[in-house]
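S.K.: Only the shape, not the letters, is given here:
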């Protein structure tokens with residue numbers, strides 16, 4: 001009687017899952033170390049959202065009738081800009097690593113491309129969420145209460161948004177080459193997306209063609225998700241800009257991230 005010494009299917013699957021998770025964890029650690037060892041980079045990525053909130057928000061609020069509420073309106077857009085900066089940085093690092101040959105060395109490792117990209121995106125999402133926590137400390141400036149459940153909900157949403165945006169920027173980085181073309185395309189894509197998301201001005205009352213563009217923009221649902229999370233804690237909440245279930249907005253955000261991650265991994269698997 002012989003005994004089959006080969007590992008079972010479940011054992012092989014678990015071993016493979018552990019190996020892929022370990023590879024993603026190593027890449028995640030690498031991205032965190034890059035930020036921890038460069039505190040100036042962390043400070044610089046926080047300057048823009050803080051300036052938008054304190055300077056642009058206060059300035060425009062003073063010009064508008066009842067402008068005290070504009071800081072509150074602008075705050076979700078500031079959170080979006082906060083998580084956007086690390087996403088751009090990670091995408092740029094993918095482009096630089098590709099040209100330097102380091103990305104090619106990573107791709108010869110016996111792990112799936114999705115694991116490598118997921119590790120990088122998770123690293124950026126971790127950094128972005130930590131930066132978002134710092135910006136949440138300015139919520140009182142925007143007349144938003146520091147309710148613990150509200151802060152926890154916003155942190156969780158920022159983590160999801162950061163992962164989705166990082167995956168999208170990574171997709172652009174692996175599709176567009178060389179690096180100068182990537183940076184030009186990034187500005188042409190992300191800037192209109194942010195402006196057409198309702199982060200700076202409301203959708204109501206706009207021309208029909210502009211409203212249609214904003215409704216087709218995935219970031220519109222991201223901004224609306226953040227606003228609807230904050231609204232119950234405000235004395236005068238803004239009406240919802242997008243009449244969609246919150247679960248659908250979460251699904252749109254997660255879907256954009258997952259689809260971008262899979263497409264980027266598929267593109268990396270092709271021979272150059």
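M.R.: Now that the structure is in, tell me what you want to look at. On a predicted model such as this, the values are computed, not experimentally measured, just so you know.

S.K.: From here on, just use CA atoms for contacts and neighbour counts.
M.R.: OK.

S.K.: Report the buried residues of the longest helix seen in the chain.
M.R.: Longest helix in the chain by number of residues (criterion: DSSP state H): helix 68-100. Residues of helix 68-100 classed as buried by neighbour count (16 or more other CA atoms under 10 Å): 68-96, 98.

S.K.: That helix: how far from the chain's middle?
M.R.: Offset of helix 68-100 from its chain centre (CA atoms, centre = their mean, to the nearest Å): 7 Å.

S.K.: Output the contacting helices and strands for it.
M.R.: On a contact count with 3 or more CA pairs under 8 Å, 6 or more residues apart in numbering; DSSP states H and E, helix 68-100 meets helix 39-51, helix 57-63, helix 102-107, helix 113-136, helix 148-175, helix 179-195, helix 218-230.

S.K.: Run the angle between it and helix 113-136 for me.
M.R.: Angle of helix 68-100 versus helix 113-136, following axes from the mean of the first three to the mean of the last three CA atoms, to 10 degrees, is 150 degrees.

S.K.: Can you pull out the low-pLDDT segments for the stretch 151-272 of the chain?
M.R.: Filtered on pLDDT under 70, the stretch 151-272 of the chain yields the residue ranges 177-180, 237-243, 269-272.

S.K.: quick one, the longest helix of the chain and helix 218-230 angle?
M.R.: 130 degrees.

S.K.: Give me the angle between helix 68-100 and helix 148-175.
M.R.: Using the same axes, to 10 degrees: helix 68-100 against helix 148-175 is 40 degrees.

S.K.: Leaving out chain neighbours, which residue sits closest to residue 77?
M.R.: Nearest residue to residue 77, sequence neighbours excluded (CA to CA, 6 or more residues apart in numbering): residue 199, at 4.4 Å.

S.K.: Mind telling me what element the one you found is part of?
M.R.: Assigned by DSSP states H and E, residue 199 belongs to no helix or strand.

S.K.: Contacts only, for it.
M.R.: Counting by CA atoms under 8 Å, 6 or more residues apart in numbering, residue 199 touches 73, 74, 76, 77, 78, 220, 223.

S.K.: can you check residue 33 too?
M.R.: The contact partners of residue 33, taken as CA under 8 Å, 6+ apart, number zero.

S.K.: so what pLDDT did it get?
M.R.: pLDDT, residue 33: 81.

S.K.: Give me the distance between it and residue 132.
M.R.: 18 Å (CA to CA, to the nearest Å).

S.K.: same deal with residue 160?
M.R.: 12 Å.

S.K.: The two - which one has more neighbours?
M.R.: More crowded of residue 160 and residue 132, by other CA atoms under 10 Å: residue 132, with 24 against 20.

S.K.: isn't the more buried one right up against residue 85?
M.R.: No. The criterion here is CA atoms under 8 Å, and residue 132 misses it with residue 85 at 10.7 Å.

S.K.: Check the contact lists of these two and give me the overlap.
M.R.: Counting by CA under 8 Å, 6+ apart, residue 132 and residue 85 have no common neighbour.

S.K.: contacting residues around the closest residue to residue 83 other than its chain neighbours?
M.R.: Once flanking residues are discounted, residue 83 sits nearest to residue 128: 4.7 Å by CA to CA, 6+ apart. Each residue near residue 128 by CA under 8 Å, 6+ apart is listed here: 82, 83, 84, 85, 86, 87, 158, 159, 162.

S.K.: do you know how far the second one is from residue 184?
M.R.: Using CA to CA, one obtains 20 Å as the distance from residue 83 to residue 184.

S.K.: related to what we said a few turns ago, quick check: of the contacts of residue 199, which lies closest to residue 43?
M.R.: Checking the contacts of residue 199 against residue 43 by CA to CA gives residue 78 as the nearest, at 15.4 Å.

S.K.: Which pLDDT does the model give the nearest residue to the closest one once chain neighbours are set aside?
M.R.: Excluding its sequence neighbours, the residue lying closest to residue 78 (CA to CA, 6+ apart) is residue 49, at 5.3 Å. We note a pLDDT of 80 for residue 49 in this prediction.
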